[in-house]
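>>> following is a predicted model, sequence given first.
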Amino acid sequence: PAKASTVASLLRDAGDPPVRTEVLACRGHVRDLPRSAAELPERYRTPEGRARCPVLGVDNAAGDYAPIYVPAGRPEVLAEIVAAAGRCDEVVLATDGDREGEAIAWHLRE
C-alpha cells in the first residue's frame, strides 16, 4: 500500500488537466500453486479427493505440464481490484522491476 500511495501522488501531480486515477495495491501474490489436493479444483481430484496429477499443481494430462493455479487467500483484495477495473477505461499494471512483480501482474491480468 505504501508504493500505491506514492504512485497515486505522482499521478495526481502529473496531469494537466488532472486525470482521475485510482491506484490499488494487490498486496502480493493473488494466485499460487496448491499446497494440498484439497485446494485443487474438483476436476483435478479423484472421487476420493486425491490429486489426479502426479505432481501437485501441474496438469500433465495433455503433455504440456501446465500449472494449476488457485487463489492465494485474499479474495476481498482481488474482488476490489476486479470491481475497480470494471469502472475504468484503462488498467495499468505497475510492477516492481523484478520477475516476481511480472508474475504477479500476469496473474492479475489473467
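Okay, I see it. Numbering: from 1, shown residues only.

>>> all strands of this protein, in order?
Secondary structure of the chain (DSSP state E): strands located at 31-32, 58-59, 66-67, 70-71.

>>> make TSV out of these and add distance to residue 88, mean neighbour count and mean pLDDT.
The C-beta positions use only the backbone N, C-alpha and C, and glycine is treated the same way. Shown next, in TSV, are those (distance: least, C-beta to C-beta, whole Å; neighbours: other C-beta atoms under 10 Å; pLDDT from 0 to 100):
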stretch	distance to residue 88	mean neighbour count	mean pLDDT
strand 31-32	21	17	87
strand 58-59	33	16	80
strand 66-67	29	12	82
strand 70-71	22	14	86
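
>>> adding distance to residue 41, write these out as TSV.
As requested, the strands of the chain are exported to TSV (distance: least, C-beta to C-beta, whole Å):
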stretch	distance to residue 41
strand 31-32	12
strand 58-59	10
strand 66-67	13
strand 70-71	7
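
>>> tell me which of those sits nearest to residue 91.
strand 31-32 (17.3 Å; C-beta to C-beta).
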